[in-house]
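Asks: Next input, structure requested:
(chains A, B and C)
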Amino acid sequence: MPSRQRAQHAPAEDNPVARLAVDVPLAHLDRPFDYLVTADLAGTAAPGVRARVRFSGRLVDAFVLERLPASEHGGRLAFLDRIVSSEVVLVPEVARLARAVADHWGGSLSDVLRLAVPPRHARTEAESGTASPDGDEASTEPGNGPVPWSLYGTGRAYLAALASGRAPRAVWTALPGEDWPARLAEAARACVAGGRGAVLLVPDRRDLVRVDAALREALGAGQHVTLSADLGPAQRYRNWLRICRSQVRIVAGTRAAAYAPVADLGLVAIWDDGDDLYAEPRAPYAHARDVLVMRAHLSGAGALLGAFARSAEAAQLVATGWARDISARAAAVRARAPAVRAMADDEALARDEAARTARLPSTAWQAAGTALRAGQPVLVQVPRRGYVPSMACDRCRAPARCAVCGGPLGQSRSGAGSGSQTLPACGWCARPATDWSCAVCGERRLRAVVVGARRTAEELGRAFPGALVRTSGRDAVLDTVPAEASLVVSTPGAEPVAVGGYGAALLLDGWALLTRADLRASEEALRRWMNAAALVRPGGPVLVGAEAGVPAVQALVRWAPAWLAERELSERAALGFPPASRFAAITGVPAAVADVLAAARLPASAQVLGPVPVDDSLERMLVRVPRADGAALARALHEAQGVRSARKAPDPVKVQLDPHELL
DNA sequence: TCAATCCGTATC
DNA sequence: ATACGGATTGAC
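Replies: Here you go, the predicted model:
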């Protein structure tokens, strides 16, 4: 077959070599491969198009990365089998980004490309390219109201820099009550004014609906598209093609939209980068915030990280000078912030299950009652069920940490038999906490922290007979609630926006958020509280069920997210935690994990922790290095995976850098 | 001495 | 996966 085909198809005269990214996940094949282009494909085998090639006997998908006059490959080149379509779907800018993402997280290019380029939908591709996108209605005139960015110190200068073609980078702390989708849309409009495009990321579909509406308001219809998994394959691919074909330059979407092939990218923006939903659950487990930061850096685009709260990573970008801080003046914050009070006695209630409904903290219920009587909705935030049990100081409730490596202590099950004892042990290095003492108060006793049964809507209904109770949570999320007396019970992240703002908010079981076995417990608690409290009208009462002295609670009371983030950042730096350090988690059957670590040429600074048993017969090892050695760590582990995949080692090993849920 | 077979390795 | 090269084996 080869000789016959080669006789039929002579190589192209110009640039007969195509360099391809082939879709094979094996780590040792994570590099480009050169193929010969036949004369008849000379015109269509352009950089960025999909191809099919015979790769070690099998037909596999591939992308053309570039065309070259000759190959550096010593052996014989095979001919490219066929070009799938002439649509350019992988532009060089995104190819470079994908390579950088793969390298940074120790993964393969093909894994990243599967996320970056949506699966082809042939019928959609064949449609005439002028079809309307999301079923847009009639065109509206772009809104041109006042620009509330002027409330934010350098905010207007930031937009002006975008419009003039520069690449300003900022961490933006939105004022409570801010109509943030409108502000993001204005930033996008500034890009358009300067002849460039923008990518705006939001955590979930509900936020996307809001940004979509704001963009339509700011830009008029048909000037942008949305990208998210729940559009379905056809609509998603249709919208995505409009970006490829440069028919739109503004994209709003969920995490995978970070790779949207917007031409002349002027801005990448992300709302609430601390949200867990930005952590990609598929290999190589890149975080969308970091992907955008990388993209801004590689492509010379501006960057905007906006939120009510602030992540330690965002604080890090400010601290290193990579991004500027855009915040409102203290007076403006004071004028708009709710009035926050901590209800410490909620702790006692949490312990005494029976007393709950009887001994409701009177301040909380007074505030709720007042708002309801005034005809205003009241937001009640309740934690989701099913927190991982963690250990805390018996006296002061500070989360308990390992004396040796600083990892979180948890209840490990030792022995599967009956009468098995549970003893607290480190979740990172597995050392039992035999001689523990609290770093805060010196107490030597530990207690297990478990979230009890959550207060139900019915309980609240009993406390306020006759009140309308709505719920918003995992199964049924409400987008908005009207300006009328109602109790709105919501889990974090599902809080509906209230027309006119909530009259009050109760943030229940706040202590439970703070004692999670999670490095980010404080930061995450504040993020959830602020996202809820920001929906309350200025000066409205917000009651949080947690100790007033805890830093996260202080930050909420003073509405000082940057203060907490900076504090967290310096604390973590002192303790060798991320983002000052980088971690890798290696999970698999014990022999396979040991195999990877033996093959990996880790940097000298690497500290290996574990193993810790995880479910079934699997175990996990952690490797920690200072941030500066992060790239070396990623490379070493990717190479080690390559050695194993070349050997066809049977047991799979999951290598995850910056494992989000562990830290 | 040569063919059949096995094993390891590369995959353009 | 599959193809190939080199080593190994077994029959003449």
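Asks: I'd say residue A:596 and residue A:586 touch.
Replies: Yes - counting by CB atoms under 8 Å, residue A:596 touches residue A:586, with 5.6 Å between them. From N, CA and C alone the C-beta is placed, and that goes for glycine too.
Asks: Common neighbours of those two, please.
Replies: A:637, A:653, A:655 (CB atoms under 8 Å, 6 or more residues apart in numbering).
Asks: Which single one of those residues is nearest to DNA strand B?
Replies: For these, the residue nearest DNA strand B by CB to the nearest atom of the strand is residue A:653; the value is 17.3 Å.
Asks: give the contact list for the residue lying closest to the closest one once chain neighbours are set aside.
Replies: In space, and not counting its chain neighbours, residue A:653 is closest to residue A:588: 3.8 Å by CB to CB, 6 or more residues apart in numbering. By CB under 8 Å, 6+ apart, the residues touching residue A:588 are A:596, A:618-619, A:651-654.
Asks: Please identify which of residue A:596 and residue A:586 sits among more neighbours.
Replies: In this view residue A:596 and residue A:586 are compared by other CB atoms under 10 Å, and residue A:586 has more residues nearby, 27 against 23.
Asks: Look up which residues are beta-bridged to the more buried one.
Replies: residue A:621, residue A:655 (DSSP bridges).
Asks: That one contacts residue A:597, doesn't it?
Replies: Yes - Residue A:586 lies in contact with residue A:597 (CB under 8 Å); the separation is 6.7 Å.
Asks: Need the contacts of residue A:588 in TSV (columns: pLDDT).
Replies: Formatted as TSV, the contacts of residue A:588 follow (pLDDT from 0 to 100):
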residue	pLDDT
A:596	93
A:618	92
A:619	94
A:651	86
A:652	87
A:653	93
A:654	94
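Asks: which one of the residues you listed is nearest DNA strand C?
Replies: residue A:652 (14.6 Å).
Asks: which other helices and strands contact the helix or strand hosting residue A:212?
Replies: Here residue A:212, judged by DSSP states H and E, is contained in helix A:205-219. In terms of contacts (3 or more CB pairs under 8 Å, 6 or more residues apart in numbering; DSSP states H and E), helix A:205-219 is packed against helix A:180-193, strand A:224-227, strand A:250-253.
Asks: just to revisit the earlier point, between residue A:586 and residue A:597, which contacts overlap?
Replies: The contact lists of residue A:586 and residue A:597 share A:621, A:623, where a contact means CB under 8 Å, 6+ apart.
Asks: Indicate which one of the helices and strands packed on helix A:205-219 is closest to DNA strand B.
Replies: strand A:224-227 (33.1 Å).
Asks: Identify the residue spatially nearest to residue A:265, adjacent ones excluded.
Replies: Using CB to CB, 6+ apart, the nearest residue to residue A:265 is residue A:301, at 4.4 Å.
Asks: Report how many residues lie close to that neighbour.
Replies: 26.
Asks: that older thread, among the contacts of residue A:588, which ones are buried?
Replies: The neighbour-count criterion (16 or more other CB atoms under 10 Å) marks A:596, A:618-619, A:653-654 among these as buried.
Asks: how does chain A divide up, domain by domain?
Replies: Using automatic domain parsing, the domains assigned to chain A come out as A:3-90, A:123-333, A:337-572, A:581-657.
Asks: So what pairs up with residue A:607 in the strands?
Replies: With DSSP bridges as the rule, residue A:607 is bridged to residue A:624.
Asks: what helices or strands is the strand or helix carrying residue A:522 leaning on?
Replies: In this structure, residue A:522 sits in helix A:521-533 according to DSSP H and E. Other elements packing on helix A:521-533 under the criterion 3+ CB pairs under 8 Å, 6+ apart are strand A:377-381, strand A:504-507, helix A:510-514, strand A:541-544, helix A:551-557, helix A:561-575.
Asks: okay, the longest one in PDB with CA atoms only?
Replies: Extracted in PDB, the C-alpha atoms of helix A:561-575 (Å, rounded to 0.1, in the frame of the first residue of the first chain):
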ATOM      1  CA  PRO A 561     -11.100  41.100  51.600                       C
ATOM      2  CA  ALA A 562      -7.700  42.200  50.500                       C
ATOM      3  CA  TRP A 563      -6.600  42.400  54.200                       C
ATOM      4  CA  LEU A 564      -7.500  38.700  54.700                       C
ATOM      5  CA  ALA A 565      -6.000  37.600  51.400                       C
ATOM      6  CA  GLU A 566      -2.700  39.300  52.200                       C
ATOM      7  CA  ARG A 567      -2.600  37.900  55.700                       C
ATOM      8  CA  GLU A 568      -3.400  34.400  54.300                       C
ATOM      9  CA  LEU A 569      -0.700  34.800  51.700                       C
ATOM     10  CA  SER A 570       2.100  35.700  54.100                       C
ATOM     11  CA  GLU A 571       1.000  33.100  56.600                       C
ATOM     12  CA  ARG A 572       1.100  30.400  53.900                       C
ATOM     13  CA  ALA A 573       4.500  31.700  52.600                       C
ATOM     14  CA  ALA A 574       5.900  31.300  56.100                       C
ATOM     15  CA  LEU A 575       4.600  27.800  56.500                       C
END
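Asks: Assess the claim that residue A:33 and residue A:55 are in contact.
Replies: Yes - using CB under 8 Å, residue A:33 is in contact with residue A:55, at 7.2 Å.
Asks: Can you work out which residues contact both of the two?
Replies: Joint contacts of residue A:33 and residue A:55 (CB under 8 Å, 6+ apart) are A:22, A:62.
Asks: picking up where we left off before, keep only those of the contacts of residue A:588 that are in strands.
Replies: Per DSSP state E, strands hold the following members of the contacts of residue A:588: A:619, A:654.
Asks: Keep only the contacts of residue A:588 that also lie close to DNA strand C.
Replies: Here nothing survives when these are matched to DNA strand C using CB under 7 Å from any atom of the strand.
Asks: will you turn the contacts of residue A:588 into a markdown table that also has distance to residue A:341?
Replies: Output for the contacts of residue A:588, formatted as a markdown table (distance: CB to CB, whole Å):
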| residue | distance to residue A:341 |
| --- | --- |
| A:596 | 51 |
| A:618 | 46 |
| A:619 | 46 |
| A:651 | 54 |
| A:652 | 51 |
| A:653 | 50 |
| A:654 | 45 |
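Asks: what's around residue A:405, how many residues?
Replies: Look at residue A:405: counted by other CB under 10 Å, it has 19 neighbours.
Asks: contacting residues around it?
Replies: A:426, A:428-429, A:431, A:607, A:609.
Asks: re earlier: can you tell me which residues contact the residue nearest to residue A:265?
Replies: A:167, A:196, A:265-268, A:295.
Asks: Now do the same for it: its pLDDT.
Replies: Model confidence at residue A:301, given as pLDDT, is 98.
Asks: right, and residue A:212 touches residue A:226 too?
Replies: Yes - between residue A:212 and residue A:226 a contact is recorded at 5.1 Å, counting by CB under 8 Å.
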